[in-house]
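*Asks:* Here is a sequence together with a model predicted from it:
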Amino acid sequence: MNYLYAINFVPGFEDLVGQLLKGLDAEAVLSEEAFCIVKLKEKLKPRDYVKFNFAKNVVQLLEWSGKDGQLNLNFDVDPNDFELGGYSTFNLRNFESAKPTKMDSSIRDHLTSEISKKFNLEYRSFNPDVDFVLAKRRGGVSYFGVKLKLREKISLQKGELDPDVANLLLELGGIKNADYMLDAFAGNGGISKEALRSFGAGTNRGSHNLNVILVEKSSRLVNRLKVELDKKLARVIAGDVVKFLNKTDKVFDLVVADPPWGDFEDYPGGLEALEKLYLDFLEAAKGKISKDGIITIMSSKKEVLERAAECSGLKLEASLNILVSGNKVLVLKLRD
């Protein structure tokens, strides 16, 4: 028995996602930009969902078709093949080229009736237990299935990275092999929260001894982080991360940096000052990573970051062009 899943993720991470899926024994059936359909020999259960936190969403498929095909929507499936235990209500979501779209009324009526009969669920448009998704991608691929609840709904602060983006940054840096991690320019702490949520103790993933240090200048954000994060798992430090790195005797297996980009508000001193910030940080971090340690850093100022990385003397392991909230962003993976 094989189970099919459609996976949407951040554009630019195709190679990394392919590696992650291979490690999960998932066989690629179709691969496109920021999307794939994979085949698994065993049905995903809720305890497995954390392994797919790199995805924006995962849909277990009832049916899919290629670029020139049409969906039959005949529900020729076994309800027991789907993880719907404890659910009593559902809603229907329709997407055209990744945008929410009103569903044709005849199709909606058909799907509502068939889902209710096949899965013994009641239709509810507001706050349902589970969503059924009908989607047609820009390239023509269509699919229909059950959206998995990968994670609890998270309220993000302004400027906080989406958890799936943070997850992929951490995976890129080899978080599963890291015992000590530095979250530089921590901001709202999105990267550290995802590290502890998806890779920390109790997740059965990576290091059970993951220790996280966050450094942030804003006293307002520092105070909030100290309330939100478990002191046993994460230490929050107020101050300048470059000064911290120059003074500390700690060595990190992974340093993850989401520094200011100068997009939402002008950075004091302009691009020249921004490049100096990046370079000062990379030079300071260079001496504080372990033998196999990794630095991952991202910015929308591609040329500025590239120049700083080149001047730092760090070795470039990977360069990825990704999209974050519609912005083109460069991600670098560096080591000493």
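*Replies:* Received, thanks.

*Asks:* List the buried residues for the one helix or strand residue 318 maps to?
*Replies:* According to DSSP states H and E, residue 318 maps onto strand 315-324. Across strand 315-324, burial judged by 16 or more other CB atoms under 10 Å covers 320, 322, 324. From N, CA and C alone the C-beta is placed, and that goes for glycine too.

*Asks:* isn't the last one right up against residue 161?
*Replies:* Yes. Here residue 324 reaches residue 161: they are 7.4 Å apart, a contact under CB atoms under 8 Å.

*Asks:* Tell me which helix or strand comes right after the one helix or strand residue 293 maps to.
*Replies:* Assigned by DSSP H and E, residue 293 falls within strand 289-299. Next along the chain after strand 289-299, taking DSSP H and E as the criterion, comes helix 302-312.

*Asks:* The stretch 151-300 of the chain: strands as residue ranges?
*Replies:* 180-184, 211-216, 234-238, 252-257, 289-299 (DSSP state E, counting those that start in this stretch).

*Asks:* Give me the residues contacting the helix ranked longest in the chain.
*Replies:* Taking DSSP state H as the criterion, the chain has its longest helix at helix 270-286. When contacts are defined by CB atoms under 8 Å, 6 or more residues apart in numbering, helix 270-286 is touched by residues 182, 184, 241-242, 245-246, 252, 255, 257, 259-260, 262, 267, 269, 295, 297, 299, 301, 304-305, 307-309, 311-314, 334, 336.

*Asks:* Stretch 100-116 too?
*Replies:* So stretch 100-116 is contacted by 73, 75, 90, 92-95, 121-123, 132, 134 (CB under 8 Å, 6+ apart).

*Asks:* Tell me which residue of this structure is furthest from the middle?
*Replies:* Computed with CA atoms, centre = their mean, the residue of the chain farthest from its C-alpha average is residue 106, at 35.5 Å.

*Asks:* and the most centrally placed residue in the chain, what does it touch?
*Replies:* In the chain, the centroid-proximal residue (CA atoms, centre = their mean) is residue 164; its distance is 1.3 Å. Residues in contact with residue 164 (CB under 8 Å, 6+ apart) are 9-10, 53-56.

*Asks:* now residue 185
*Replies:* Contacts of residue 185 (CB under 8 Å, 6+ apart): 215-216, 241, 257-260.

*Asks:* at 10 Å instead, please
*Replies:* The contact partners of residue 185, by CB atoms under 10 Å, 6 or more residues apart in numbering, come to 191, 214-217, 240-241, 256-260, 277, 281, 297.

*Asks:* For the nearest residue to it once chain neighbours are set aside, give its distance to residue 279.
*Replies:* Distance criterion CB to CB, 6 or more residues apart in numbering; nearest residue to residue 185, sequence neighbours excluded, is residue 259 at 4.6 Å. Distance, residue 259 to residue 279, using CB to CB, to the nearest Å: 11 Å.

*Asks:* Common neighbours of those two, please.
*Replies:* With CB under 10 Å, 6+ apart as the test, residue 259 and residue 279 both reach 305, 308.

*Asks:* who does residue 318 bridge with?
*Replies:* Beta-bridge pairing of residue 318 under DSSP bridges involves residue 333.

*Asks:* Is it in contact with residue 169, as I believe?
*Replies:* No. Using CB atoms under 10 Å, residue 318 makes no contact with residue 169, being 11.5 Å away.

*Asks:* about what we covered before: between the contacts of residue 185, which is nearest residue 144?
*Replies:* residue 191 (34.4 Å; CB to CB).

*Asks:* That closest one against residue 170, yeah?
*Replies:* Yes. Between residue 191 and residue 170 there is a contact under CB under 10 Å: 7.0 Å.

*Asks:* So which of these two has more stuff around it?
*Replies:* The residue with more neighbours, out of residue 191 and residue 170, is residue 191; 30 against 26, by other CB atoms under 10 Å.

*Asks:* Give the full set of residues in contact with the more buried one.
*Replies:* 160-161, 163, 165-167, 169-170, 173, 175, 181, 183-185, 212, 214, 256-258, 296.

*Asks:* what's the overlap in contacts for residue 318 and residue 169?
*Replies:* 16, 296, 331, 333.
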